[in-house]
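take this sequence and fold it.
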Amino acid sequence: MPAHLRTLSPQILLLAGVCLLLGACGRDATSAGPGIAVPAAVVTTTRVALEPWNDTISALGTATARESVTITAKVSETVERVHFDSGDEVAAGATLITLSGNQQLAALQAAEAEAKEAEQQFRRGSELVQQQLIARSQLDTQRATRDATLARVAQMRADIGDRSIRAPFAGVLGIRQVSPGALVTPGTVVATLDDISRVHVDFPVPEVHIAHLAQGQSLTGTSVAYPDRSFEGEVSSVDTRVDPGTRAVLVRGDFPNPERRLRPGMLLQVRLAKPGREALVLPELAVVQVGRDTFVWRVKDDDTVERATITVGERRAGSVEVLEGVAAGDRIVVEGTGKLRPGVAVSEAPAPEPGPQTAQPPGQAQRQPAAGVREG
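Prediction:
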(Lines give C-alpha, C1' and ligand atoms only; values in the text may rest on other atoms or scores of the structure.)
Protein backbone atom coordinates (compact mmCIF):
# COMPACT_ATOMS: atom_id res chain seq x y z
CA MET A 1 0.00 0.00 0.00
CA PRO A 2 1.35 3.45 -0.78
CA ALA A 3 2.68 5.43 2.14
CA HIS A 4 0.12 8.24 1.81
CA LEU A 5 -2.78 5.72 2.17
CA ARG A 6 -1.31 4.10 5.29
CA THR A 7 -1.98 7.31 7.19
CA LEU A 8 -5.78 7.19 6.42
CA SER A 9 -8.09 5.60 8.95
CA PRO A 10 -10.16 2.49 8.00
CA GLN A 11 -13.40 4.52 8.38
CA ILE A 12 -12.31 7.04 5.74
CA LEU A 13 -11.36 4.27 3.33
CA LEU A 14 -14.76 2.57 3.77
CA LEU A 15 -16.61 5.84 3.15
CA ALA A 16 -14.66 6.50 -0.05
CA GLY A 17 -15.50 3.02 -1.38
CA VAL A 18 -19.22 3.50 -0.77
CA CYS A 19 -19.19 6.86 -2.59
CA LEU A 20 -17.46 5.32 -5.61
CA LEU A 21 -20.06 2.50 -5.69
CA LEU A 22 -23.03 4.88 -5.49
CA GLY A 23 -21.62 7.04 -8.25
CA ALA A 24 -21.33 4.06 -10.56
CA CYS A 25 -24.91 2.91 -9.85
CA GLY A 26 -26.36 6.39 -10.36
CA ARG A 27 -25.26 6.70 -13.93
CA ASP A 28 -28.06 6.95 -16.51
CA ALA A 29 -28.38 3.77 -18.56
CA THR A 30 -28.91 5.88 -21.62
CA SER A 31 -25.51 7.58 -21.13
CA ALA A 32 -23.35 4.53 -20.83
CA GLY A 33 -20.35 6.49 -21.96
CA PRO A 34 -18.69 7.39 -25.23
CA GLY A 35 -18.76 4.64 -27.82
CA ILE A 36 -21.18 2.39 -25.87
CA ALA A 37 -24.57 1.85 -27.70
CA VAL A 38 -27.76 1.27 -25.67
CA PRO A 39 -30.16 -1.18 -27.42
CA ALA A 40 -33.58 0.22 -28.39
CA ALA A 41 -36.75 -1.20 -26.86
CA VAL A 42 -38.46 -3.61 -29.24
CA VAL A 43 -42.15 -2.73 -29.63
CA THR A 44 -45.09 -3.12 -32.00
CA THR A 45 -46.62 0.06 -33.40
CA THR A 46 -49.57 1.17 -35.50
CA ARG A 47 -50.69 4.31 -37.31
CA VAL A 48 -53.72 6.27 -36.14
CA ALA A 49 -56.29 6.35 -38.94
CA LEU A 50 -59.89 7.39 -39.54
CA GLU A 51 -62.15 4.36 -39.67
CA PRO A 52 -65.92 3.82 -40.02
CA TRP A 53 -67.44 3.74 -36.55
CA ASN A 54 -70.93 2.82 -35.40
CA ASP A 55 -72.00 3.83 -31.91
CA THR A 56 -74.50 1.66 -30.09
CA ILE A 57 -77.12 2.35 -27.44
CA SER A 58 -77.59 -0.44 -24.90
CA ALA A 59 -80.73 -0.93 -22.83
CA LEU A 60 -82.75 -3.59 -21.04
CA GLY A 61 -86.24 -4.45 -22.23
CA THR A 62 -88.99 -6.98 -21.51
CA ALA A 63 -90.49 -9.06 -24.30
CA THR A 64 -94.24 -8.98 -24.83
CA ALA A 65 -96.38 -10.91 -27.27
CA ARG A 66 -97.58 -9.22 -30.43
CA GLU A 67 -101.14 -10.00 -29.30
CA SER A 68 -102.02 -11.31 -25.85
CA VAL A 69 -105.29 -12.04 -24.08
CA THR A 70 -106.64 -13.97 -21.12
CA ILE A 71 -109.62 -16.00 -22.30
CA THR A 72 -112.54 -16.03 -19.83
CA ALA A 73 -116.12 -17.23 -19.72
CA LYS A 74 -119.00 -14.78 -20.28
CA VAL A 75 -121.86 -16.73 -18.69
CA SER A 76 -122.47 -19.07 -15.79
CA GLU A 77 -122.66 -22.60 -17.15
CA THR A 78 -121.16 -26.07 -16.94
CA VAL A 79 -118.26 -27.04 -19.20
CA GLU A 80 -119.48 -29.63 -21.65
CA ARG A 81 -116.34 -30.16 -23.71
CA VAL A 82 -112.76 -28.87 -23.88
CA HIS A 83 -111.30 -28.76 -27.40
CA PHE A 84 -107.64 -27.99 -26.65
CA ASP A 85 -104.63 -29.01 -24.60
CA SER A 86 -102.06 -26.82 -22.88
CA GLY A 87 -99.54 -25.37 -25.32
CA ASP A 88 -101.61 -25.97 -28.45
CA GLU A 89 -101.26 -23.61 -31.39
CA VAL A 90 -104.72 -22.62 -32.63
CA ALA A 91 -106.14 -20.65 -35.54
CA ALA A 92 -108.32 -17.57 -35.25
CA GLY A 93 -111.94 -18.52 -34.49
CA ALA A 94 -111.14 -22.05 -33.29
CA THR A 95 -113.57 -23.38 -30.66
CA LEU A 96 -111.84 -23.84 -27.32
CA ILE A 97 -114.66 -24.57 -24.83
CA THR A 98 -118.25 -25.69 -25.32
CA LEU A 99 -120.62 -24.98 -22.44
CA SER A 100 -123.92 -26.74 -21.78
CA GLY A 101 -126.84 -25.00 -23.52
CA ASN A 102 -129.80 -27.40 -23.86
CA GLN A 103 -132.21 -24.98 -22.24
CA GLN A 104 -131.07 -22.16 -24.49
CA LEU A 105 -131.47 -24.35 -27.59
CA ALA A 106 -135.05 -25.16 -26.65
CA ALA A 107 -135.79 -21.49 -26.04
CA LEU A 108 -134.24 -20.64 -29.43
CA GLN A 109 -136.47 -23.12 -31.21
CA ALA A 110 -139.56 -21.61 -29.56
CA ALA A 111 -138.45 -18.09 -30.48
CA GLU A 112 -137.84 -19.12 -34.09
CA ALA A 113 -141.33 -20.61 -34.28
CA GLU A 114 -142.86 -17.38 -32.97
CA ALA A 115 -140.82 -15.36 -35.46
CA LYS A 116 -142.04 -17.58 -38.32
CA GLU A 117 -145.66 -17.17 -37.31
CA ALA A 118 -145.25 -13.39 -36.93
CA GLU A 119 -143.69 -13.19 -40.42
CA GLN A 120 -146.67 -15.07 -41.92
CA GLN A 121 -149.17 -12.78 -40.14
CA PHE A 122 -147.36 -9.72 -41.45
CA ARG A 123 -147.40 -10.99 -45.05
CA ARG A 124 -151.10 -11.85 -44.84
CA GLY A 125 -151.87 -8.44 -43.39
CA SER A 126 -149.94 -6.75 -46.22
CA GLU A 127 -152.18 -8.47 -48.76
CA LEU A 128 -155.33 -7.48 -46.87
CA VAL A 129 -154.23 -3.87 -46.65
CA GLN A 130 -153.81 -3.75 -50.42
CA GLN A 131 -157.38 -5.04 -50.71
CA GLN A 132 -158.47 -2.47 -48.12
CA LEU A 133 -159.94 -5.20 -45.92
CA ILE A 134 -158.05 -4.18 -42.75
CA ALA A 135 -156.78 -0.88 -41.41
CA ARG A 136 -153.14 0.09 -41.95
CA SER A 137 -152.71 0.51 -38.20
CA GLN A 138 -153.35 -3.21 -37.77
CA LEU A 139 -150.56 -3.93 -40.27
CA ASP A 140 -148.23 -1.70 -38.28
CA THR A 141 -148.98 -3.74 -35.17
CA GLN A 142 -148.17 -6.98 -37.02
CA ARG A 143 -144.88 -5.47 -38.26
CA ALA A 144 -143.87 -4.52 -34.72
CA THR A 145 -144.72 -8.02 -33.50
CA ARG A 146 -142.60 -9.58 -36.25
CA ASP A 147 -139.61 -7.32 -35.49
CA ALA A 148 -139.81 -8.13 -31.77
CA THR A 149 -139.78 -11.89 -32.41
CA LEU A 150 -136.78 -11.54 -34.76
CA ALA A 151 -134.89 -9.57 -32.12
CA ARG A 152 -135.66 -12.26 -29.59
CA VAL A 153 -134.24 -14.91 -31.95
CA ALA A 154 -131.06 -12.88 -32.40
CA GLN A 155 -130.68 -12.55 -28.65
CA MET A 156 -131.11 -16.30 -28.17
CA ARG A 157 -128.50 -17.05 -30.80
CA ALA A 158 -126.03 -14.65 -29.19
CA ASP A 159 -126.65 -16.31 -25.83
CA ILE A 160 -125.91 -19.69 -27.34
CA GLY A 161 -122.83 -18.24 -29.06
CA ASP A 162 -121.48 -17.22 -25.66
CA ARG A 163 -121.52 -20.91 -24.74
CA SER A 164 -118.87 -21.59 -27.38
CA ILE A 165 -115.62 -19.89 -26.35
CA ARG A 166 -113.44 -19.23 -29.41
CA ALA A 167 -109.91 -17.98 -30.04
CA PRO A 168 -110.01 -14.28 -31.04
CA PHE A 169 -106.75 -14.61 -33.02
CA ALA A 170 -104.16 -17.22 -33.97
CA GLY A 171 -101.59 -18.01 -31.31
CA VAL A 172 -100.29 -20.38 -28.66
CA LEU A 173 -102.43 -21.34 -25.69
CA GLY A 174 -101.11 -21.42 -22.15
CA ILE A 175 -101.94 -23.91 -19.41
CA ARG A 176 -105.57 -25.10 -19.44
CA GLN A 177 -107.43 -23.91 -16.33
CA VAL A 178 -110.78 -25.77 -16.67
CA SER A 179 -111.98 -29.34 -17.14
CA PRO A 180 -115.22 -30.91 -18.48
CA GLY A 181 -118.00 -30.73 -15.90
CA ALA A 182 -116.60 -27.67 -14.12
CA LEU A 183 -118.95 -24.77 -13.40
CA VAL A 184 -117.66 -21.50 -14.82
CA THR A 185 -118.92 -18.00 -14.14
CA PRO A 186 -118.31 -14.70 -15.91
CA GLY A 187 -114.59 -13.93 -15.53
CA THR A 188 -113.44 -17.51 -14.96
CA VAL A 189 -110.03 -17.91 -16.65
CA VAL A 190 -109.95 -20.63 -19.29
CA ALA A 191 -106.39 -20.12 -20.62
CA THR A 192 -104.02 -17.48 -21.95
CA LEU A 193 -103.51 -16.92 -25.68
CA ASP A 194 -100.39 -15.26 -27.10
CA ASP A 195 -99.37 -14.54 -30.66
CA ILE A 196 -95.59 -14.94 -30.40
CA SER A 197 -94.78 -15.27 -34.09
CA ARG A 198 -93.37 -11.78 -33.48
CA VAL A 199 -92.59 -10.22 -30.12
CA HIS A 200 -92.32 -6.63 -28.97
CA VAL A 201 -89.55 -5.39 -26.69
CA ASP A 202 -90.07 -2.03 -24.98
CA PHE A 203 -86.90 -0.35 -23.65
CA PRO A 204 -86.01 3.17 -22.42
CA VAL A 205 -83.53 5.37 -24.28
CA PRO A 206 -82.10 8.57 -22.67
CA GLU A 207 -83.45 11.75 -24.22
CA VAL A 208 -79.93 12.75 -25.33
CA HIS A 209 -80.22 10.09 -28.06
CA ILE A 210 -83.69 11.06 -29.31
CA ALA A 211 -82.28 12.75 -32.42
CA HIS A 212 -80.81 9.39 -33.50
CA LEU A 213 -84.05 7.38 -33.14
CA ALA A 214 -86.20 6.48 -36.13
CA GLN A 215 -88.51 3.72 -37.26
CA GLY A 216 -86.80 0.91 -39.10
CA GLN A 217 -83.45 1.13 -37.28
CA SER A 218 -81.81 -2.26 -36.77
CA LEU A 219 -81.76 -3.84 -33.32
CA THR A 220 -79.86 -6.74 -31.79
CA GLY A 221 -81.18 -8.54 -28.73
CA THR A 222 -79.56 -11.14 -26.49
CA SER A 223 -80.96 -13.21 -23.64
CA VAL A 224 -79.34 -15.19 -20.84
CA ALA A 225 -81.52 -18.11 -21.93
CA TYR A 226 -79.61 -18.27 -25.24
CA PRO A 227 -76.11 -16.89 -24.50
CA ASP A 228 -74.67 -17.97 -27.86
CA ARG A 229 -77.41 -16.49 -30.02
CA SER A 230 -78.54 -13.01 -30.96
CA PHE A 231 -81.94 -11.94 -32.31
CA GLU A 232 -82.31 -9.35 -35.05
CA GLY A 233 -85.17 -6.83 -35.06
CA GLU A 234 -86.01 -3.23 -35.86
CA VAL A 235 -87.54 -0.18 -34.21
CA SER A 236 -91.30 -0.21 -34.83
CA SER A 237 -92.29 2.92 -32.89
CA VAL A 238 -90.98 5.65 -30.57
CA ASP A 239 -93.17 7.07 -27.83
CA THR A 240 -94.28 10.68 -28.21
CA ARG A 241 -93.51 11.60 -24.60
CA VAL A 242 -90.37 11.71 -22.47
CA ASP A 243 -90.72 10.39 -18.93
CA PRO A 244 -90.05 13.43 -16.68
CA GLY A 245 -88.76 11.19 -13.91
CA THR A 246 -86.19 9.18 -15.88
CA ARG A 247 -85.64 11.65 -18.74
CA ALA A 248 -85.98 8.75 -21.16
CA VAL A 249 -88.29 7.91 -24.05
CA LEU A 250 -89.82 4.46 -24.52
CA VAL A 251 -88.86 2.68 -27.74
CA ARG A 252 -90.60 -0.44 -29.05
CA GLY A 253 -88.63 -3.02 -31.01
CA ASP A 254 -90.21 -5.66 -33.24
CA PHE A 255 -88.45 -9.05 -33.36
CA PRO A 256 -89.43 -11.93 -35.66
CA ASN A 257 -89.81 -15.12 -33.63
CA PRO A 258 -90.50 -17.98 -36.06
CA GLU A 259 -88.94 -20.61 -33.78
CA ARG A 260 -90.91 -19.39 -30.74
CA ARG A 261 -87.72 -19.06 -28.68
CA LEU A 262 -88.59 -15.66 -27.26
CA ARG A 263 -91.43 -15.71 -24.75
CA PRO A 264 -93.43 -12.93 -23.11
CA GLY A 265 -91.76 -11.68 -19.95
CA MET A 266 -88.18 -12.53 -20.98
CA LEU A 267 -85.50 -9.92 -20.25
CA LEU A 268 -83.46 -8.89 -23.29
CA GLN A 269 -80.28 -6.86 -23.63
CA VAL A 270 -81.00 -4.62 -26.62
CA ARG A 271 -78.40 -2.79 -28.72
CA LEU A 272 -79.45 -0.05 -31.09
CA ALA A 273 -77.00 1.00 -33.81
CA LYS A 274 -76.66 4.75 -34.37
CA PRO A 275 -75.83 6.21 -37.80
CA GLY A 276 -72.26 5.47 -38.94
CA ARG A 277 -69.47 8.08 -38.82
CA GLU A 278 -65.68 8.29 -39.07
CA ALA A 279 -63.52 8.31 -35.96
CA LEU A 280 -59.88 7.97 -34.87
CA VAL A 281 -59.56 4.37 -33.74
CA LEU A 282 -56.77 2.63 -31.83
CA PRO A 283 -56.33 -0.91 -30.51
CA GLU A 284 -57.46 -1.01 -26.90
CA LEU A 285 -54.12 -2.60 -25.98
CA ALA A 286 -52.29 0.65 -26.83
CA VAL A 287 -54.19 2.70 -24.24
CA VAL A 288 -52.50 2.95 -20.84
CA GLN A 289 -54.57 3.83 -17.75
CA VAL A 290 -52.73 5.02 -14.63
CA GLY A 291 -55.10 6.36 -12.01
CA ARG A 292 -57.17 9.04 -13.70
CA ASP A 293 -54.64 9.54 -16.50
CA THR A 294 -55.23 7.94 -19.89
CA PHE A 295 -52.37 8.12 -22.38
CA VAL A 296 -50.55 6.40 -25.22
CA TRP A 297 -46.88 6.26 -26.23
CA ARG A 298 -46.31 8.20 -29.44
CA VAL A 299 -43.20 7.55 -31.55
CA LYS A 300 -41.46 10.71 -32.75
CA ASP A 301 -39.49 11.14 -35.96
CA ASP A 302 -36.21 10.24 -34.21
CA ASP A 303 -37.70 6.88 -33.05
CA THR A 304 -37.98 7.98 -29.43
CA VAL A 305 -41.27 7.92 -27.57
CA GLU A 306 -43.26 10.58 -25.80
CA ARG A 307 -46.31 10.34 -23.60
CA ALA A 308 -49.54 11.67 -25.20
CA THR A 309 -52.55 12.19 -22.94
CA ILE A 310 -55.78 11.28 -24.75
CA THR A 311 -59.54 11.44 -24.27
CA VAL A 312 -61.36 8.25 -25.22
CA GLY A 313 -64.92 7.90 -26.46
CA GLU A 314 -66.88 4.75 -27.24
CA ARG A 315 -65.34 1.31 -26.88
CA ARG A 316 -66.04 -1.93 -28.68
CA ALA A 317 -64.37 -5.32 -28.82
CA GLY A 318 -60.63 -4.69 -29.06
CA SER A 319 -60.89 -1.07 -30.25
CA VAL A 320 -61.34 2.35 -28.70
CA GLU A 321 -62.33 5.71 -30.16
CA VAL A 322 -59.92 8.59 -29.46
CA LEU A 323 -61.50 12.03 -29.19
CA GLU A 324 -58.45 14.16 -28.33
CA GLY A 325 -54.69 13.83 -27.94
CA VAL A 326 -53.57 12.22 -31.22
CA ALA A 327 -54.03 12.90 -34.91
CA ALA A 328 -54.38 10.77 -38.00
CA GLY A 329 -51.00 9.43 -39.08
CA ASP A 330 -49.41 9.39 -35.61
CA ARG A 331 -47.36 6.29 -34.84
CA ILE A 332 -48.49 4.71 -31.57
CA VAL A 333 -46.95 1.87 -29.56
CA VAL A 334 -49.33 -1.08 -29.21
CA GLU A 335 -47.27 -3.82 -27.55
CA GLY A 336 -44.33 -3.26 -25.20
CA THR A 337 -45.68 -0.20 -23.39
CA GLY A 338 -44.67 -1.51 -19.98
CA LYS A 339 -40.93 -0.92 -20.57
CA LEU A 340 -41.16 2.60 -21.97
CA ARG A 341 -40.17 5.95 -20.50
CA PRO A 342 -40.15 9.38 -22.16
CA GLY A 343 -37.19 9.66 -24.51
CA VAL A 344 -36.51 5.93 -24.82
CA ALA A 345 -35.58 4.79 -28.32
CA VAL A 346 -37.71 2.06 -29.84
CA SER A 347 -37.49 -0.28 -32.80
CA GLU A 348 -40.23 -2.19 -34.59
CA ALA A 349 -40.46 -5.88 -33.74
CA PRO A 350 -39.86 -8.07 -36.81
CA ALA A 351 -42.87 -9.89 -38.19
CA PRO A 352 -42.86 -13.60 -37.29
CA GLU A 353 -41.81 -15.82 -40.16
CA PRO A 354 -43.65 -19.06 -40.81
CA GLY A 355 -41.60 -22.08 -39.82
CA PRO A 356 -40.40 -24.51 -42.50
CA GLN A 357 -42.65 -27.47 -43.12
CA THR A 358 -40.98 -30.85 -43.30
CA ALA A 359 -41.98 -32.85 -46.34
CA GLN A 360 -43.48 -36.22 -45.48
CA PRO A 361 -44.32 -39.21 -47.62
CA PRO A 362 -48.04 -39.48 -48.31
CA GLY A 363 -49.94 -41.31 -45.61
CA GLN A 364 -47.13 -41.07 -43.02
CA ALA A 365 -47.16 -38.76 -40.03
CA GLN A 366 -43.99 -36.99 -38.96
CA ARG A 367 -42.19 -39.12 -36.38
CA GLN A 368 -41.63 -37.33 -33.07
CA PRO A 369 -38.62 -38.29 -30.90
CA ALA A 370 -39.42 -39.79 -27.56
CA ALA A 371 -38.91 -37.73 -24.41
CA GLY A 372 -35.26 -37.67 -23.38
CA VAL A 373 -34.03 -39.32 -26.62
CA ARG A 374 -32.00 -37.32 -29.14
CA GLU A 375 -32.07 -38.40 -32.73
CA GLY A 376 -28.69 -38.60 -34.43
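
list the strands paired with the helix or strand hosting Val242, with their directions.
According to DSSP states H and E, Val242 maps onto strand 226-243. Strands adjacent to strand 226-243 in the sheet, as given by DSSP bridges, are strand 218-223 (antiparallel), strand 248-256 (antiparallel).

who's the residue nearest the centre of the chain bridged to?
Taking CA atoms, centre = their mean, the centroid of the chain lies closest to Gly221, which sits 1.9 Å from it. Taking DSSP bridges as the rule, Gly221 bridges to Phe231, Val270.

for it, what are its contacts?
Contacts for Gly221 (CB atoms under 8 Å, 6 or more residues apart in numbering) come out as 61, 201, 230-233, 253, 255, 268-271. Just so you know, the C-beta spots here come from the backbone N, C-alpha and C atoms, and that holds for glycine as well.

re earlier: how far is the strand holding Val242 from where the chain is centred?
Here the centre of strand 226-243 is set off from its chain's centre by 7 Å, with CA atoms, centre = their mean, to the nearest Å.

Arg146: neighbour count?
Close neighbours of Arg146, defined as other CB atoms under 10 Å, add up to 21.

is it true that it lies in a helix?
Yes: looking at Arg146 with DSSP: H, G, I helix; E, B strand; the rest coil, it is inside a helix.

any idea how far Ala148 is from the closest residue to it other than its chain neighbours?
The spatially closest residue to Arg146, leaving aside those adjacent along the chain, is Ala118, at 4.0 Å (CB to CB, 6 or more residues apart in numbering). For Ala118, the distance to Ala148 (CB to CB, to the nearest Å) stands at 8 Å.

doesn't Leu219 make contact with Gly233?
Yes: with contact defined as CB atoms under 8 Å, Gly233 and Leu219 form a contacting pair (4.3 Å).

and the biggest helix by length in the chain, what does it pack against?
The helix that spans the most residues within the chain, counting by DSSP state H, is helix 102-130. Secondary-structure packing of helix 102-130 (3 or more CB pairs under 8 Å, 6 or more residues apart in numbering; DSSP states H and E): helix 136-161.

tilt between the helix it packs on and helix 102-130?
Per axes from the mean of the first three to the mean of the last three CA atoms, to 10 degrees, the angle that helix 136-161 makes with helix 102-130 is 160 degrees.

and helix 136-161, what's buried?
Buried residues in helix 136-161, counted by 16 or more other CB atoms under 10 Å: 139, 142, 145-146, 149-150, 152-153, 156, 159.
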